[in-house]
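1. Structure of the sequence below:
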Amino acid sequence: LRIKDKSDQLTHLYNWSSGNLFLPPKPATGPVVVDSVKAFESHNTLQYVSIPFAFKYTYSFTKCDVFTSFGTSVNILTKSKIETAIENDRHKEASTSTKINGLKSKYFGGNLSAGISYGITGKIAVSFTPSYNFALTSATTDAAVKTYPQPIVLVTGIRFKL
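-> A predicted model of the protein is given here:
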C-alpha cells in the first residue's frame, strides 16, 4: 500500500506480524496515494538476547541427572531486518530495512524445560535440554496484530565441574 509517511513523503507501507515499515519508491515512478505493489519475497530476521531467571530442581542418579526448571526472562531485541522484493512498474526491486515500526525493544517471557545430563567422568558430563519459551507480553506495540513469540529451544552441551 502506498501512503504518506510521517514526513509527508509518498512511500510503500509493508505490514507483517512483527510491525510495519516504509519502503521508499524509486524516484522514476509516479506513486499515487493508495496504490499497491506486489511483494514477491520477504526475509524477516529478529534476534533477541534473553536474560533468564529460573528455578531448577535436579534428581541425581549414579551417572545421570534429570532436571526440570521454570522461570521468566527479559528478551532484548539485538537485530531486526527485513529484506523484500517488490514489483515497481513491472520491475522487481530489492529493499532492506532495519527500522521496523511497532516492534518493541524488549518483551517479557516465561520458560519451561526438562533435561538430562550424563556423566562421562567425575568432572565432565554431556547434557541435553529441550525448552519451551513463551511470551508473557506482546513483542509488538501499535502493530496490526499483537505478536507473542513461542520458540522451542534444544540445547546440548558439555558441563565441567571445577
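
2. how about the strands in the chain?
-> Counting by DSSP state E, the chain has strands at residues 2-4, 10-16, 19-23, 39-60, 64-88, 91-97, 106-119, 124-135, 152-160.

3. With Lys146 as the reference, name the closest of those strands.
-> Nearest to Lys146 among these is strand 124-135 (9.4 Å), distances taken as CB to CB. Quick note: C-beta positions are derived from backbone N, CA and C, even for glycine.

4. Would you mind finding the most buried of the strands of the chain?
-> Burial of the strands of the chain is given as mean neighbour count (mean count of other CB atoms under 10 Å); strand 19-23 ranks first at a mean of 21.

5. which residue packs closest to the residue nearest the centre of the chain, ignoring adjacent ones?
-> Per CA atoms, centre = their mean, the C-alpha nearest to the average position across the chain is that of Leu46, at 3.8 Å. Once flanking residues are discounted, Leu46 sits nearest to Ser80: 5.5 Å by CB to CB, 6 or more residues apart in numbering.

6. Verify the stated contact: the one you found with Leu103.
-> Yes: using CB atoms under 8 Å as the test, Ser80 is close enough to Leu103 to be in contact (5.9 Å).

7. Need the overlap of contacts for those two.
-> Common contacts of Ser80 and Leu103 (CB atoms under 8 Å, 6 or more residues apart in numbering): 18, 46.

8. how about low-confidence regions in this structure?
-> By pLDDT under 70, the low-scoring segments of the chain are 1-17, 21-40, 86-93.

9. one step back: may I have the residues that are in contact with the residue nearest to Leu46?
-> By CB under 8 Å, 6+ apart, the neighbours of Ser80 are 18, 45-47, 98-100, 103.

10. And the furthest pair within these?
-> Gln47 and Lys99 (15.3 Å).

11. List the residues that contact the nearest residue to Asn75 once chain neighbours are set aside.
-> With CB to CB, 6+ apart as the criterion, Asn75 has its nearest non-adjacent residue at 4.4 Å, and that residue is Tyr48. Going by CB under 8 Å, 6+ apart, Tyr48 touches 75-78.
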